[in-house]
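generate a structure from the sequence data that follows.
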Amino acid sequence: MSNYSAEDVKKLREKTGSGMMDCKKALDETDGDFNAAVELLRVKGAKDVGKREGRNASAGIVSGIVSNKIDGAFVEVNCETDFVAKTDDFIKLGDKVASLILSAKPKDVEALMNVQTDGKSVQQLLDEANAFMGEKVEVRRFAQFSGGYVSVYLHKPDPSLPAGVGAMVQLDKENEQVAKDVAQQIAAMAPIYLSRESVPAEVIESEKRVAEQTAREEGKPDAAISKIVEGRVGSYYKDFCLLEQAWVRDNKKTIADHLKENGVSVKQFARFKVGQS
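This next block holds a predicted model:
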């Protein structure tokens, strides 16, 4: 007779992120000893770390932290399944990595992997999580802002999961409400650039070529081509430049209008959505 219940299997799965059959097997091997089963799964997970390197980590979490209103860190940490992404240990890992980015200010992901905490590198923390949770765990990207007024907004597209979309915005001066408005706009509307001036010339040239070729294939008269191209480029700015986007709370205003009314400006921003570039 088993010395554990279905509830024990559920608790072990939630604790470790391991598969149900692996949890049952671990409890069988440890005669129902929960803590011993946890250790057994960790050992098994550590042996399998290398096997997971080539697997796809497309689930995960977006975490963010702000200190003293002027320093912010924002990170995407990935795993393989939503089941692991919503565990307390994985959520705490995301918060831990964000905190380390804030304090160490690494220049890139490679440098972040070497940041030390309690005698371990971030890479070691990820390897331990990989072993413990039984899935590939990695940091995909991060952003860190200092100066001005920094705000982070995190959104849960699915209430049962942790934040999967987020935005971090840096204003030139403090305005909590406007910072929140703009961060929510960024999360919802996915701008790529701050203004039309920040769009690379090659991007605009590509839009022009596509617009011209499309118009010609549709049989538009030559006299109308330039206006069609101009209109398409204008639409691109409205779609992908934050300052030219219509404000989601009042589409009669642009974000630039909203900022001007409040006497602030956006210095920079970042937006992450789990699993997307």
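
show me where the stretch 51-200 of the chain dips below the pLDDT cut-off.
Where the stretch 51-200 of the chain drops to pLDDT under 70, the residues are 51-56.

ok, now which ones touch Tyr149?
Lys69, Ile70, Gln170, Leu171, Asp172, Lys173, Glu174, Asn175, Ala179 (CB atoms under 8 Å, 6 or more residues apart in numbering). For glycine as for every other residue, the C-beta is placed from the backbone atoms N, C-alpha and C.

please pull up the helix or strand immediately following the helix or strand containing Asp239.
Using DSSP states H and E, Asp239 falls within helix 222-240. Using DSSP H and E, the helix or strand that directly follows helix 222-240 along the chain is strand 246-247.

so which residues make contact with the very next helix or strand once past that next one?
The C-terminal neighbour of strand 246-247 among helices and strands, as given by DSSP H and E, is strand 250-254. Identification of contacts with strand 250-254 by CB under 8 Å, 6+ apart yields Leu243, Glu244, Gln245, Ala246, Trp247, His258.

repeat that with 7 Å
Leu243, Glu244, Gln245, Ala246, Trp247 (CB atoms under 7 Å, 6 or more residues apart in numbering).

with stretch 108-119 instead?
Under CB under 7 Å, 6+ apart, the answer for stretch 108-119 is Leu100, Ile101, Ala104, Pro106, Ser121, Val122, Gln123, Val139, Arg141, Phe142.

kindly recompute the last result at 8 Å.
Here stretch 108-119 makes contact (CB under 8 Å, 6+ apart) with 96-97, 100-101, 104, 106, 121-123, 125-126, 139-142.

likewise stretch 26-37?
Contact partners of stretch 26-37, identified using CB under 8 Å, 6+ apart, comprise 2-4, 8-9, 11-12, 18, 23, 38, 40-41, 44.

just the buried residues of that stretch, please?
Within stretch 26-37, the residues that count as buried by 16 or more other CB atoms under 10 Å are Ala26, Leu27, Thr30, Ala37.

stretch 197-207 too?
Counting neighbours by 16+ other CB under 10 Å, one finds that the buried residues in stretch 197-207 are Val199, Glu207.

list only buried entries from the contacts of Tyr149.
For these, buried by 16+ other CB under 10 Å: Gln170, Leu171, Asn175, Ala179.

sorry, back to before: got the contacts of stretch 26-37 as CSV, with neighbour count columns?
Below are these laid out as CSV (neighbours: other CB atoms under 10 Å):
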residue, neighbour count
Ser2, 12
Asn3, 11
Tyr4, 20
Asp8, 17
Val9, 18
Lys11, 16
Leu12, 22
Ser18, 27
Cys23, 24
Val38, 19
Leu40, 19
Leu41, 27
Lys44, 16
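
hmm, back to that, just put the buried residues of stretch 26-37 in a markdown table and tack on pLDDT.
Shown next, in a markdown table, are the buried residues of stretch 26-37 (pLDDT from 0 to 100):
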| residue | pLDDT |
| --- | --- |
| Ala26 | 84 |
| Leu27 | 88 |
| Thr30 | 88 |
| Ala37 | 83 |
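
could you export those residues to a markdown table, including columns for distance to Pro162 and secondary structure?
Below are these laid out as a markdown table (distance: CB to CB, whole Å; DSSP: H, G, I helix; E, B strand; the rest coil):
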| residue | distance to Pro162 | secondary structure |
| --- | --- | --- |
| Ala26 | 26 | helix |
| Leu27 | 27 | helix |
| Thr30 | 30 | coil |
| Ala37 | 25 | helix |
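
picking up where we left off before, show me which of the contacts of stretch 26-37 is closest to Ile192.
Using CB to CB, Ser18 comes nearest to Ile192 of the contacts of stretch 26-37, at 38.7 Å.

any residues touching the helix holding Asp239, and which ones?
Helix 222-240 has contacts (CB under 8 Å, 6+ apart) with 191-193, 196, 199, 204, 207-208, 210-212, 215-216, 220, 244-246.

ranges for the helices of the stretch 1-150 of the chain?
Using DSSP state H, counting those that start in this stretch, the helices of the stretch 1-150 of the chain run over 6-16, 20-29, 34-47, 82-85, 88-104, 109-113, 122-133.

okay if I get those helices as a markdown table plus distance to Gly234?
Output for these, formatted as a markdown table (distance: least, CB to CB, whole Å):
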| stretch | distance to Gly234 |
| --- | --- |
| helix 6-16 | 51 |
| helix 20-29 | 54 |
| helix 34-47 | 53 |
| helix 82-85 | 39 |
| helix 88-104 | 37 |
| helix 109-113 | 36 |
| helix 122-133 | 44 |
